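Trainee: Next one to model:
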Amino acid sequence: MRHSTRGQVDPFIVMDVMEAAQRAEAQGRHIIHMEVGQPGTPAPEGARRALAGALDQPLGYTSALGLPTLRQGIADLYRRWYGVDLDPGRVVVTSGSSGAFLLAFSALFDAGDKVAMGFPGYPSYRQILKAMSLEPVGIQTRPEDRYQPRPTDIPDGVQGLILASPGNPSGTVLNVPELRALTDAAQAKGVAVISDEIYHGLSYGDRCHSALEVTDEVFVVNSFSKYFSMTGWRIGWMVVPPEQVRTVERLAQNMFICPPHASQIAALAALDCADEAEANLAVYAENRRLMLQELPKAGFDRIAPPEGAFYIYADVSHLTDDSVALAAEILEHAGVAVTPGLDFDPVRGGQTLRFSYARATADIAEGLRRLTEYMARR
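Mentor: You can find the predicted model right below:
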(Lines give C-alpha, C1' and ligand atoms only; values in the text may rest on other atoms or scores of the structure.)
Protein backbone atom coordinates (compact mmCIF):
# COMPACT_ATOMS: atom_id res chain seq x y z
CA MET A 1 0.00 0.00 0.00
CA ARG A 2 1.28 3.47 -0.84
CA HIS A 3 2.08 6.02 1.83
CA SER A 4 2.41 9.77 1.84
CA THR A 5 5.75 11.53 2.08
CA ARG A 6 4.36 13.99 4.62
CA GLY A 7 3.33 11.09 6.85
CA GLN A 8 6.94 10.03 7.38
CA VAL A 9 7.60 12.09 10.49
CA ASP A 10 10.32 11.43 13.04
CA PRO A 11 9.48 9.49 16.20
CA PHE A 12 8.81 11.32 19.44
CA ILE A 13 11.92 9.95 21.17
CA VAL A 14 10.68 10.58 24.72
CA MET A 15 7.76 8.24 24.06
CA ASP A 16 10.22 5.58 22.87
CA VAL A 17 12.22 6.08 26.07
CA MET A 18 9.06 5.78 28.14
CA GLU A 19 8.17 2.51 26.41
CA ALA A 20 11.68 1.16 27.05
CA ALA A 21 11.31 2.11 30.71
CA GLN A 22 7.95 0.36 30.86
CA ARG A 23 9.45 -2.78 29.35
CA ALA A 24 12.12 -2.72 32.04
CA GLU A 25 9.41 -2.34 34.69
CA ALA A 26 7.52 -5.27 33.20
CA GLN A 27 10.65 -7.33 33.82
CA GLY A 28 10.54 -6.40 37.49
CA ARG A 29 12.95 -3.46 37.56
CA HIS A 30 12.21 -0.26 39.49
CA ILE A 31 12.67 2.68 37.13
CA ILE A 32 12.75 6.34 38.12
CA HIS A 33 10.94 8.39 35.48
CA MET A 34 12.71 11.62 34.58
CA GLU A 35 11.87 11.36 30.90
CA VAL A 36 8.25 12.34 30.36
CA GLY A 37 6.75 15.75 31.14
CA GLN A 38 3.82 14.34 33.04
CA PRO A 39 2.78 15.28 36.58
CA GLY A 40 2.79 12.38 39.01
CA THR A 41 -0.41 13.71 40.59
CA PRO A 42 -4.00 13.00 39.51
CA ALA A 43 -6.46 15.57 38.24
CA PRO A 44 -7.72 17.89 41.01
CA GLU A 45 -10.22 16.28 43.35
CA GLY A 46 -12.86 18.85 42.45
CA ALA A 47 -12.48 17.97 38.77
CA ARG A 48 -12.87 14.25 39.45
CA ARG A 49 -15.92 14.85 41.63
CA ALA A 50 -17.54 17.09 39.03
CA LEU A 51 -17.22 14.43 36.36
CA ALA A 52 -18.45 11.68 38.68
CA GLY A 53 -21.53 13.75 39.42
CA ALA A 54 -22.22 14.23 35.71
CA LEU A 55 -21.86 10.63 34.55
CA ASP A 56 -25.62 9.98 34.66
CA GLN A 57 -26.20 12.84 32.22
CA PRO A 58 -25.93 12.49 28.45
CA LEU A 59 -22.40 13.56 27.59
CA GLY A 60 -22.95 14.25 23.93
CA TYR A 61 -21.60 16.77 21.47
CA THR A 62 -20.99 20.30 22.68
CA SER A 63 -20.34 23.40 20.63
CA ALA A 64 -17.26 22.96 18.48
CA LEU A 65 -15.68 25.85 20.39
CA GLY A 66 -16.44 24.30 23.77
CA LEU A 67 -18.92 24.73 26.61
CA PRO A 68 -19.78 28.43 27.07
CA THR A 69 -19.25 28.12 30.82
CA LEU A 70 -15.75 26.73 30.30
CA ARG A 71 -14.86 29.43 27.77
CA GLN A 72 -16.00 32.06 30.28
CA GLY A 73 -14.03 30.35 33.04
CA ILE A 74 -10.87 30.45 30.94
CA ALA A 75 -11.46 34.13 30.15
CA ASP A 76 -11.77 34.77 33.88
CA LEU A 77 -8.45 33.00 34.40
CA TYR A 78 -6.75 35.54 32.14
CA ARG A 79 -8.12 38.34 34.28
CA ARG A 80 -6.80 36.71 37.46
CA TRP A 81 -3.40 35.67 36.13
CA TYR A 82 -2.52 38.51 33.76
CA GLY A 83 -5.00 41.35 34.27
CA VAL A 84 -6.19 40.82 30.69
CA ASP A 85 -9.86 41.54 29.96
CA LEU A 86 -10.58 38.74 27.50
CA ASP A 87 -13.77 38.24 25.50
CA PRO A 88 -14.76 34.57 26.06
CA GLY A 89 -15.88 34.52 22.45
CA ARG A 90 -12.19 34.41 21.51
CA VAL A 91 -11.57 31.26 23.57
CA VAL A 92 -11.52 27.95 21.71
CA VAL A 93 -11.54 24.77 23.80
CA THR A 94 -9.49 22.04 22.12
CA SER A 95 -8.57 18.37 22.37
CA GLY A 96 -5.36 19.07 24.24
CA SER A 97 -2.80 21.60 23.07
CA SER A 98 -2.08 19.23 20.15
CA GLY A 99 -5.58 19.89 18.82
CA ALA A 100 -4.93 23.61 19.20
CA PHE A 101 -1.76 23.42 17.11
CA LEU A 102 -3.58 21.53 14.37
CA LEU A 103 -6.30 24.18 14.29
CA ALA A 104 -3.84 27.08 14.45
CA PHE A 105 -1.62 25.74 11.68
CA SER A 106 -4.67 24.99 9.52
CA ALA A 107 -6.13 28.47 10.03
CA LEU A 108 -2.92 30.38 9.45
CA PHE A 109 -0.84 28.56 6.85
CA ASP A 110 -1.00 27.05 3.37
CA ALA A 111 0.92 23.99 2.19
CA GLY A 112 4.55 24.91 1.61
CA ASP A 113 4.57 27.80 4.09
CA LYS A 114 7.53 28.06 6.46
CA VAL A 115 7.19 28.32 10.23
CA ALA A 116 10.13 29.26 12.45
CA MET A 117 10.79 28.09 16.01
CA GLY A 118 13.66 28.08 18.45
CA PHE A 119 15.90 25.03 18.80
CA PRO A 120 15.84 23.43 21.30
CA GLY A 121 12.06 23.23 21.23
CA TYR A 122 9.10 20.91 21.56
CA PRO A 123 9.59 18.25 18.85
CA SER A 124 5.95 17.85 17.88
CA TYR A 125 5.91 21.38 16.44
CA ARG A 126 8.21 20.14 13.67
CA GLN A 127 6.46 16.85 13.10
CA ILE A 128 2.93 18.30 12.99
CA LEU A 129 4.11 20.94 10.54
CA LYS A 130 5.72 18.27 8.34
CA ALA A 131 2.56 16.16 8.42
CA MET A 132 0.60 19.20 7.22
CA SER A 133 2.98 19.84 4.30
CA LEU A 134 4.47 22.87 6.06
CA GLU A 135 8.20 23.51 6.47
CA PRO A 136 9.67 23.93 9.96
CA VAL A 137 12.59 26.34 10.15
CA GLY A 138 14.82 26.03 13.19
CA ILE A 139 16.41 29.01 14.92
CA GLN A 140 19.61 28.00 16.69
CA THR A 141 19.20 29.77 20.03
CA ARG A 142 22.05 30.46 22.43
CA PRO A 143 22.69 29.49 26.05
CA GLU A 144 23.43 33.14 26.83
CA ASP A 145 19.91 33.98 25.61
CA ARG A 146 18.45 31.23 27.82
CA TYR A 147 17.65 29.26 24.64
CA GLN A 148 15.06 31.86 23.57
CA PRO A 149 15.16 33.53 20.11
CA ARG A 150 16.12 37.15 19.56
CA PRO A 151 13.92 39.42 17.40
CA THR A 152 16.77 39.63 14.88
CA ASP A 153 16.75 35.82 14.63
CA ILE A 154 13.39 35.73 12.84
CA PRO A 155 14.27 34.49 9.33
CA ASP A 156 13.17 36.23 6.18
CA GLY A 157 10.64 34.35 4.08
CA VAL A 158 8.78 32.63 6.92
CA GLN A 159 5.03 32.93 7.43
CA GLY A 160 4.91 31.92 11.09
CA LEU A 161 6.83 32.00 14.37
CA ILE A 162 6.25 29.74 17.37
CA LEU A 163 7.25 31.10 20.77
CA ALA A 164 7.33 28.97 23.92
CA SER A 165 7.47 30.36 27.44
CA PRO A 166 8.27 28.54 29.65
CA GLY A 167 10.18 26.63 27.02
CA ASN A 168 10.33 22.88 26.65
CA PRO A 169 13.00 21.57 27.25
CA SER A 170 14.74 24.61 28.71
CA GLY A 171 12.15 25.84 31.23
CA THR A 172 13.20 29.43 30.45
CA VAL A 173 10.70 32.29 30.39
CA LEU A 174 10.13 35.34 28.19
CA ASN A 175 9.46 38.58 30.06
CA VAL A 176 7.15 41.36 28.85
CA PRO A 177 9.82 43.39 27.01
CA GLU A 178 11.08 40.25 25.28
CA LEU A 179 7.54 39.22 24.26
CA ARG A 180 6.85 42.71 22.94
CA ALA A 181 10.09 42.86 20.97
CA LEU A 182 9.53 39.44 19.40
CA THR A 183 5.87 39.98 18.49
CA ASP A 184 6.59 43.49 17.15
CA ALA A 185 9.43 42.16 14.99
CA ALA A 186 7.24 39.34 13.69
CA GLN A 187 4.34 41.63 12.89
CA ALA A 188 6.68 44.04 11.06
CA LYS A 189 7.64 41.12 8.81
CA GLY A 190 4.04 39.99 8.35
CA VAL A 191 4.73 36.82 10.33
CA ALA A 192 1.92 35.16 12.32
CA VAL A 193 2.81 34.38 15.94
CA ILE A 194 1.73 31.33 17.92
CA SER A 195 2.58 31.51 21.63
CA ASP A 196 2.79 28.18 23.46
CA GLU A 197 1.97 28.90 27.11
CA ILE A 198 1.18 25.36 28.23
CA TYR A 199 3.43 25.56 31.32
CA HIS A 200 1.97 28.78 32.68
CA GLY A 201 1.32 28.60 36.39
CA LEU A 202 4.55 26.62 36.84
CA SER A 203 7.15 29.31 37.61
CA TYR A 204 9.74 29.76 40.35
CA GLY A 205 10.12 33.50 40.73
CA ASP A 206 8.29 36.08 38.69
CA ARG A 207 5.00 34.90 37.22
CA CYS A 208 4.74 33.91 33.59
CA HIS A 209 3.55 36.54 31.14
CA SER A 210 1.14 35.90 28.29
CA ALA A 211 1.67 37.27 24.81
CA LEU A 212 -1.85 38.65 25.20
CA GLU A 213 -0.38 41.22 27.58
CA VAL A 214 1.40 42.86 24.64
CA THR A 215 -0.76 42.08 21.57
CA ASP A 216 -4.08 40.66 20.42
CA GLU A 217 -2.58 39.65 17.07
CA VAL A 218 -1.45 36.26 18.31
CA PHE A 219 -2.69 32.70 18.67
CA VAL A 220 -2.14 31.67 22.30
CA VAL A 221 -2.14 27.95 23.13
CA ASN A 222 -2.55 26.52 26.63
CA SER A 223 -3.77 23.34 28.29
CA PHE A 224 -5.04 21.76 31.49
CA SER A 225 -2.31 19.11 31.19
CA LYS A 226 0.53 20.58 33.23
CA TYR A 227 -0.53 23.07 35.94
CA PHE A 228 -3.83 21.24 36.48
CA SER A 229 -2.31 17.72 36.20
CA MET A 230 -4.72 16.56 33.48
CA THR A 231 -2.47 15.14 30.75
CA GLY A 232 -4.57 12.13 29.82
CA TRP A 233 -7.82 14.08 29.80
CA ARG A 234 -6.76 15.70 26.50
CA ILE A 235 -8.27 19.11 27.13
CA GLY A 236 -6.67 22.40 26.19
CA TRP A 237 -7.57 25.78 24.77
CA MET A 238 -6.56 28.51 22.38
CA VAL A 239 -7.18 32.27 22.30
CA VAL A 240 -7.42 33.69 18.78
CA PRO A 241 -7.93 37.16 17.27
CA PRO A 242 -11.64 38.00 16.82
CA GLU A 243 -11.50 37.78 13.03
CA GLN A 244 -10.15 34.22 13.24
CA VAL A 245 -12.89 32.76 15.47
CA ARG A 246 -15.24 31.67 12.70
CA THR A 247 -12.42 30.19 10.62
CA VAL A 248 -11.23 28.14 13.59
CA GLU A 249 -14.80 27.14 14.43
CA ARG A 250 -15.41 25.74 10.94
CA LEU A 251 -12.15 23.81 11.11
CA ALA A 252 -12.98 22.45 14.58
CA GLN A 253 -16.45 21.39 13.48
CA ASN A 254 -15.00 19.28 10.70
CA MET A 255 -11.78 18.03 12.29
CA PHE A 256 -12.94 17.27 15.83
CA ILE A 257 -16.73 17.98 16.03
CA CYS A 258 -16.04 19.13 19.61
CA PRO A 259 -13.63 18.64 22.50
CA PRO A 260 -14.44 15.72 24.85
CA HIS A 261 -17.53 16.69 26.84
CA ALA A 262 -16.47 14.73 29.92
CA SER A 263 -13.09 16.42 30.02
CA GLN A 264 -14.69 19.84 29.63
CA ILE A 265 -16.81 19.25 32.75
CA ALA A 266 -13.74 18.25 34.72
CA ALA A 267 -11.72 21.19 33.36
CA LEU A 268 -14.36 23.70 34.39
CA ALA A 269 -14.21 22.43 37.96
CA ALA A 270 -10.39 22.35 37.86
CA LEU A 271 -10.35 26.11 37.42
CA ASP A 272 -11.59 26.38 41.02
CA CYS A 273 -8.90 24.04 42.38
CA ALA A 274 -6.04 26.51 42.64
CA ASP A 275 -5.08 25.40 46.16
CA GLU A 276 -4.40 21.86 44.98
CA ALA A 277 -2.50 23.07 41.92
CA GLU A 278 -0.37 25.38 44.06
CA ALA A 279 0.42 22.49 46.41
CA ASN A 280 1.70 20.55 43.40
CA LEU A 281 3.78 23.57 42.40
CA ALA A 282 5.41 23.54 45.85
CA VAL A 283 6.47 19.93 45.21
CA TYR A 284 7.98 20.88 41.85
CA ALA A 285 9.82 23.77 43.50
CA GLU A 286 11.42 21.39 45.99
CA ASN A 287 12.24 18.94 43.20
CA ARG A 288 13.86 21.77 41.25
CA ARG A 289 15.94 22.73 44.29
CA LEU A 290 17.16 19.13 44.60
CA MET A 291 17.94 18.93 40.89
CA LEU A 292 20.00 22.12 40.90
CA GLN A 293 21.83 20.93 44.00
CA GLU A 294 22.51 17.33 43.01
CA LEU A 295 22.81 17.15 39.21
CA PRO A 296 26.18 18.95 39.19
CA LYS A 297 27.48 16.28 41.59
CA ALA A 298 26.67 13.70 38.90
CA GLY A 299 28.55 15.69 36.27
CA PHE A 300 25.54 17.48 34.77
CA ASP A 301 26.57 21.03 35.58
CA ARG A 302 26.00 22.87 32.28
CA ILE A 303 22.30 23.68 32.52
CA ALA A 304 19.86 26.33 31.36
CA PRO A 305 18.29 28.39 34.18
CA PRO A 306 14.96 26.58 34.78
CA GLU A 307 12.62 29.51 35.47
CA GLY A 308 9.43 27.55 34.80
CA ALA A 309 7.92 24.20 33.77
CA PHE A 310 9.52 21.12 35.36
CA TYR A 311 12.61 20.39 33.28
CA ILE A 312 16.38 20.69 33.44
CA TYR A 313 18.14 20.91 30.06
CA ALA A 314 21.79 19.94 30.33
CA ASP A 315 24.71 20.28 27.93
CA VAL A 316 26.52 16.91 28.10
CA SER A 317 29.01 17.54 25.28
CA HIS A 318 31.84 16.84 27.75
CA LEU A 319 30.37 13.36 28.23
CA THR A 320 29.08 12.28 24.81
CA ASP A 321 28.16 13.19 21.24
CA ASP A 322 25.40 10.56 21.28
CA SER A 323 22.68 11.50 23.76
CA VAL A 324 20.48 8.60 22.64
CA ALA A 325 23.19 6.11 23.57
CA LEU A 326 23.89 7.91 26.87
CA ALA A 327 20.19 7.92 27.80
CA ALA A 328 19.96 4.19 27.01
CA GLU A 329 23.06 3.55 29.10
CA ILE A 330 21.66 5.48 32.07
CA LEU A 331 18.37 3.59 31.83
CA GLU A 332 20.14 0.22 31.66
CA HIS A 333 22.73 0.76 34.38
CA ALA A 334 21.17 3.36 36.71
CA GLY A 335 17.48 2.58 36.28
CA VAL A 336 16.69 6.23 35.49
CA ALA A 337 14.82 7.23 32.33
CA VAL A 338 15.95 10.55 30.80
CA THR A 339 15.29 12.14 27.41
CA PRO A 340 17.93 12.56 24.68
CA GLY A 341 18.25 16.11 23.40
CA LEU A 342 17.76 15.01 19.78
CA ASP A 343 14.04 15.24 20.46
CA PHE A 344 14.39 18.99 20.87
CA ASP A 345 17.29 19.98 18.66
CA PRO A 346 18.13 17.89 15.57
CA VAL A 347 21.39 19.80 15.11
CA ARG A 348 22.94 19.94 18.60
CA GLY A 349 20.74 17.52 20.50
CA GLY A 350 23.28 14.71 20.40
CA GLN A 351 25.08 16.62 23.13
CA THR A 352 22.19 17.37 25.49
CA LEU A 353 19.78 15.62 27.87
CA ARG A 354 16.49 16.68 29.43
CA PHE A 355 15.61 15.73 32.99
CA SER A 356 11.98 16.04 34.13
CA TYR A 357 11.23 16.66 37.81
CA ALA A 358 7.45 16.31 37.62
CA ARG A 359 7.24 13.24 39.85
CA ALA A 360 7.10 12.85 43.64
CA THR A 361 10.04 14.29 45.57
CA ALA A 362 11.03 10.88 46.93
CA ASP A 363 11.36 9.57 43.36
CA ILE A 364 13.43 12.57 42.30
CA ALA A 365 15.75 12.17 45.28
CA GLU A 366 16.22 8.47 44.53
CA GLY A 367 16.84 9.18 40.85
CA LEU A 368 19.47 11.75 41.69
CA ARG A 369 21.17 9.31 44.06
CA ARG A 370 21.28 6.67 41.33
CA LEU A 371 22.60 9.14 38.75
CA THR A 372 25.39 10.34 41.05
CA GLU A 373 26.37 6.81 41.96
CA TYR A 374 26.41 5.55 38.39
CA MET A 375 28.21 8.53 36.85
CA ALA A 376 30.91 8.28 39.54
CA ARG A 377 31.79 4.75 38.46
CA ARG A 378 31.13 5.17 34.72
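Trainee: Spit out the contact partners of the residue positioned nearest the centre of the chain.
Mentor: Taking CA atoms, centre = their mean, the centroid of the chain lies closest to Ile198, which sits 5.2 Å from it. Ile198 makes contact with 97, 168, 221-223, 225-226, 236, according to CB atoms under 8 Å, 6 or more residues apart in numbering. Heads up, the C-betas are built off the backbone N, CA and C, glycines and all.
Trainee: count of residues packed around Leu108?
Mentor: 20 (other CB atoms under 10 Å).
Trainee: Quick one: mean pLDDT over stretch 273-292.
Mentor: Regarding stretch 273-292, the rounded mean pLDDT is 97.
Trainee: where exactly do the helices run in this protein?
Mentor: Taking DSSP state H, the helices of the chain run over residues 13-26, 45-54, 68-82, 96-108, 123-131, 176-188, 245-255, 261-270, 274-294, 323-334, 361-377.
Trainee: mind checking which of those is nearest Ile312?
Mentor: With respect to Ile312, and counting by CB to CB, the nearest of the helices of the chain is helix 274-294 at 5.2 Å.
Trainee: contacts for that closest one?
Mentor: The contact list for helix 274-294, computed with CB under 8 Å, 6+ apart, reads 39, 41, 44-46, 201-202, 204, 227-229, 270, 303, 306, 310, 312, 355, 357-361, 364-365, 368-369, 371-372.
Trainee: Same check on stretch 12-31?
Mentor: With CB under 8 Å, 6+ apart as the test, stretch 12-31 has contacts from 33, 35-37, 123-124, 127, 324, 327-328, 331, 335-340, 342-343, 354.
Trainee: what does stretch 122-140 give?
Mentor: With CB under 8 Å, 6+ apart as the test, stretch 122-140 has contacts from 6-7, 9-10, 12-14, 98, 101-102, 105-106, 109, 111-119, 121, 149, 153-155, 158, 162, 164, 168, 196, 343-348.
Trainee: Over to stretch 75-90?
Mentor: By CB under 8 Å, 6+ apart, the list of residues contacting stretch 75-90 reads 68, 71-72, 74, 91, 200-201, 207, 209-210, 212-213, 239-242, 245, 271.
Trainee: mind listing what's buried in that stretch?
Mentor: Residues of stretch 75-90 classed as buried: 75, 77-78, 82, 84, 86, 88, 90 (neighbour count, 16 or more other CB atoms under 10 Å).
Trainee: ok, now stretch 103-110?
Mentor: The neighbour-count check on stretch 103-110 (16+ other CB under 10 Å) flags 103-109 as buried.
Trainee: before we move on, what about stretch 346-356?
Mentor: Of the residues in stretch 346-356, 346, 348-356 count as buried by neighbour count, 16+ other CB under 10 Å.
Trainee: Just the ones of the residues you listed in strands?
Mentor: Mapping the buried residues of stretch 346-356 onto strands (DSSP state E) picks out 352-356.
Trainee: Please report the number of neighbouring residues for Tyr122.
Mentor: Tyr122 is flanked by 23 other residues according to other CB under 10 Å.
Trainee: Against Ser98, how distant is it?
Mentor: Distance of Tyr122 to Ser98, computed by CB to CB, to the nearest Å: 10 Å.
Trainee: Provide a list of residues in contact with the closest residue to Gly201 other than its chain neighbours.
Mentor: Leaving aside its chain neighbours, Gly201 sits nearest to Tyr227 (3.4 Å; criterion: CB to CB, 6 or more residues apart in numbering). By CB under 8 Å, 6+ apart, Tyr227 lies in contact with 199-202, 277, 280-281.
Trainee: Kindly reformat these as JSON lines containing neighbour count and distance to Ala20.
Mentor: JSON lines is the format used below for the contacts of Tyr227 (neighbours: other CB atoms under 10 Å; distance: CB to CB, whole Å):
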{"residue": "Tyr199", "neighbour count": "25", "distance to Ala20": "25"}
{"residue": "His200", "neighbour count": "24", "distance to Ala20": "31"}
{"residue": "Gly201", "neighbour count": "21", "distance to Ala20": "31"}
{"residue": "Leu202", "neighbour count": "24", "distance to Ala20": "27"}
{"residue": "Ala277", "neighbour count": "19", "distance to Ala20": "31"}
{"residue": "Asn280", "neighbour count": "21", "distance to Ala20": "27"}
{"residue": "Leu281", "neighbour count": "17", "distance to Ala20": "30"}
